[in-house]
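[1] let's see this in three dimensions:
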Amino acid sequence: MVASPTAKTAKSLTEFLEIIAKLEPQTRGFYTFRGERNAAWSLAPGVLRPNRKKLLVHERDAVRELLSVHPNEFLTDTTMFDKLVRMQHYGLPTRLLDVSANPLVGLFYATEVVDPALEPEADGKVSYIRVPDIRRKYFDSDAVSCIANLANMAEPEKAVLYKQRRDARGEFNKLIEVDRLVQFIRIEKPSFRRNVNPRDLDRVYYVVPKLNNRRIIAQNGAFLIFGLSLRPATPLQDPIQIRSIKIPAAHKAQIRKELSMLGVTKSSLFPEIDHAADHIVDRYK
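    Sure thing, here's the model as predicted:
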């Protein structure tokens, strides 16, 4: 993905909406949004963040352990992507990065105020991400299956795939490690051919998920799924582009109040009962 430095600042909901309204219309693409309470954080999925290198090495073990401890939670998930979505929902860092079609959802996350005794106050940011149509996939895409099932691979196997990712397609598919990856893919797609495109494993895709999760529905949610690296070796001519809007720490609380007047609250974005209870408590502080 191609990132640009933060160029805009919004100190109110009105200023934020004015910036969003001026985004250039996209004829062969669209915008998706992600908010983060700390503008210094990199736009990366949990398992690929710098402070989670050990978890990335043990990605397969972490996935297996969660499936082993709570097998019934995943009985209705037919693909590895489905499983990763659920794991993300329960807090396990994965190759998925939550995004939303609604910029106000991003703004809600960017204006989160934390206890200063636990974490220093920081400016937030809303990233607006331009996605070309060629990078949009659905949950049952073959390319998505290939990337999602990297989570089933051992670290040495992923290292080989990463090293050989520039190989010609025919040569790449002769690798024993590709055969291993295909075995996992065939669990969800029995007729999948051993013809993996190595470029797919090194790309970032926007994935439209199944709308079978209350939180995804409430937040107009989707995901970016990341392959073998944050910086693909062979990006397409029209890559995913990122820009961001800074939300000053001093204005977070007021913007949250303005969002609440529009019905954008913790209870509306997180329909689970525990978050609804949190929202009620917050109202009476």
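[2] residues in contact with Pro209?
    Contacts of Pro209 were listed using C-beta atoms under 8 Å, 6 or more residues apart in numbering, and they are Phe81, Val85, Phe139, Ile216, Gly221, Ala222, Phe223. Glycine gets a C-beta too; all of them are placed from N, C-alpha and C.
[3] switch to 6 Å and redo it
    Counting by C-beta atoms under 6 Å, 6 or more residues apart in numbering, Pro209 touches Val85, Phe139, Ile216.
[4] over to Leu161?
    Leu161 neighbours (C-beta under 6 Å, 6+ apart): Glu177.
[5] can you tell me how far it is from Thr14?
    To Thr14, Leu161 is 48 Å away according to C-beta to C-beta, to the nearest Å.
[6] before we move on, the earlier item: so which of the contacts of Pro209 is surrounded by the most neighbours?
    Comparing the contacts of Pro209 by number of neighbours (other C-beta atoms under 10 Å), Val85 comes first, having 25 neighbours.
[7] tell me which element that one is part of?
    helix 80-89 (DSSP states H and E).
[8] gap between the residue most central in space within the chain and Arg37?
    Among the residues of the chain, the one closest to the centroid is Leu97, at 1.0 Å (C-alpha atoms, centre = their mean). Leu97 sits 15 Å away from Arg37, going by C-beta to C-beta.
[9] let me see the contact set for Phe192.
    Phe192 neighbours (C-beta under 6 Å, 6+ apart): Ile185, Arg186.
[10] so it, which of the three states?
    coil (DSSP: H, G, I helix; E, B strand; the rest coil).
[11] got phi/psi on Pro50?
    phi -60, psi -30 (degrees, to the nearest 10).
[12] count of neighbours near it?
    8.
[13] and the nearest residue to it once chain neighbours are set aside, how many neighbours does it have?
    In space, and not counting its chain neighbours, Pro50 is closest to Ser42: 7.6 Å by C-beta to C-beta, 6 or more residues apart in numbering. Counted with other C-beta under 10 Å, the neighbours of Ser42 add up to 10.
[14] how far away is Ser42 from Asn102?
    Counting by C-beta to C-beta, the gap from Ser42 to Asn102 is 23 Å.
[15] can you check Phe184 too?
    From Phe184 to Asn102 the distance is 34 Å (C-beta to C-beta).
[16] same check, this time on Pro239
    From Pro239 to Asn102 the distance is 24 Å (C-beta to C-beta).
[17] the helix or strand containing Glu157 - what's its average pLDDT?
    If you go by DSSP H and E, Glu157 is part of helix 155-163. Mean pLDDT, helix 155-163: 96.
[18] before we move on, the earlier item: contacting residues around the helix holding Val85?
    Counting by C-beta under 6 Å, 6+ apart, Leu66, Phe74, Asp77, Thr94, Leu96, Phe139, Val144, Ala148, Asn149, Pro209 sit against helix 80-89.
[19] select from those every entry located in strands.
    Within the contacts of helix 80-89, membership in strands is found for Leu96, as judged by DSSP state E.
[20] mind putting the contacts of helix 80-89 in CSV, distance to Asp123 and pLDDT included?
    Formatted as CSV, the contacts of helix 80-89 follow (distance: C-beta to C-beta, whole Å; pLDDT from 0 to 100):
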residue, distance to Asp123, pLDDT
Leu66, 34, 96
Phe74, 38, 94
Asp77, 37, 94
Thr94, 27, 97
Leu96, 25, 97
Phe139, 34, 95
Val144, 34, 97
Ala148, 33, 98
Asn149, 37, 98
Pro209, 30, 95
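[21] give the ChimeraX command for selecting the buried subset of the contacts of helix 80-89.
    Of the contacts of helix 80-89, the buried ones go into a single ChimeraX selection, burial set by 16 or more other C-beta atoms under 10 Å:
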select :66,77,94,96,139,144,148,149,209
